[in-house]
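Colleague: I would like the atomic coordinates for the input below:
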Amino acid sequence: MLTTPMVAAVLVPLVLWRMYSRIRRLTSRQRSKTWRHRTTLVFFPLLVLALGTFALGTHPIALAGLAAGLPVGIVLGHVAIGKTRFEQVGDTFYFTPHAPIGLAVAALFMGRMAWRAYEFYALGSFAHHEFVTSPLTLVIFGVLAGYYMRFAFGLLAWRKRTAAHDTTHGAST
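Modeller: Model (predicted):
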C-alpha cells in the first residue's frame, strides 16, 4: 500500500510541472488550434453542469458560489481577449494572451487547490470529503471556467473573422 509521503512525492512534482507549463502558456505566444478552443467550449460547460448538478441536490450554497463565479470569469475573459495580441503568419494563427489577467485567474485557482490539498493532507484522506462542495472553491472554479470559456470563444471568433477577411480580401485582389 502506498503511504501518503510516497503519493506526495509522486504528485507534487507532477503538479508543479503542470503549474509551470500552465503559467508559461499564459505568458507566451501560442499557436491557435481550433480543436483546442472547441474542446474548452465543450469540456468546461460539461464540468460546470456536473458540479452544478452535484451541488444542486446537496449544497445549494455551493451552487450559488458557482453561479456567482461564472459571470466574473466571463468578464475577465472578455477583458483579456480584448488585450490579447493576435497574428497570422501565412496560414498559421498565433496569439499572445494578456498575462496579468490569465496569471491572476490561474494563481487564484492554484492557490485554492493548494489550500484544499493542504487541508486534505492535514486532516487525513477521508476526513475532508467535501472537496467540490465548498462555496469558495466553486466560486473560484466558476471564475476559472467562465474565463476559459469566454477566452476560447473569443479565439474562435477571431479565427472566424480572420478567415472571413482573408476570403473577402483574396476575392477582391
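Colleague: can you give me the strands in this protein?
Modeller: Taking DSSP state E as the test, the strands found in the chain are 30-31, 85-89, 92-96.
Colleague: wait, which of the ones you listed is closest to residue 103?
Modeller: Residue 103 lies closest to strand 92-96 among those, at 13.2 Å (C-beta to C-beta). Quick note: C-beta positions are derived from backbone N, CA and C, even for glycine.
Colleague: by contact count, what packs against that closest one?
Modeller: Under the contact definition 3 or more C-beta pairs under 8 Å, 6 or more residues apart in numbering; DSSP states H and E, strand 92-96 sits against strand 30-31, strand 85-89, helix 135-172.
Colleague: Show me what the shortest one pairs with in its sheet, parallel or antiparallel.
Modeller: It refers to strand 30-31. In the sheet, strand 30-31 lines up against strand 92-96 (antiparallel) (DSSP bridges).
Colleague: Wait, residue 55 touches residue 67, no?
Modeller: No - in this structure, residue 55 is not within contact of residue 67 by C-beta atoms under 8 Å, at 9.7 Å.
Colleague: Name the residue in the two with the higher neighbour count.
Modeller: Per other C-beta atoms under 10 Å, whichever of residue 55 and residue 67 has more neighbours is residue 55, with 22 against 15.
Colleague: any idea how far the more buried one lies from residue 135?
Modeller: Residue 55 sits 9 Å away from residue 135, going by C-beta to C-beta, to the nearest Å.
Colleague: No further questions, thank you.
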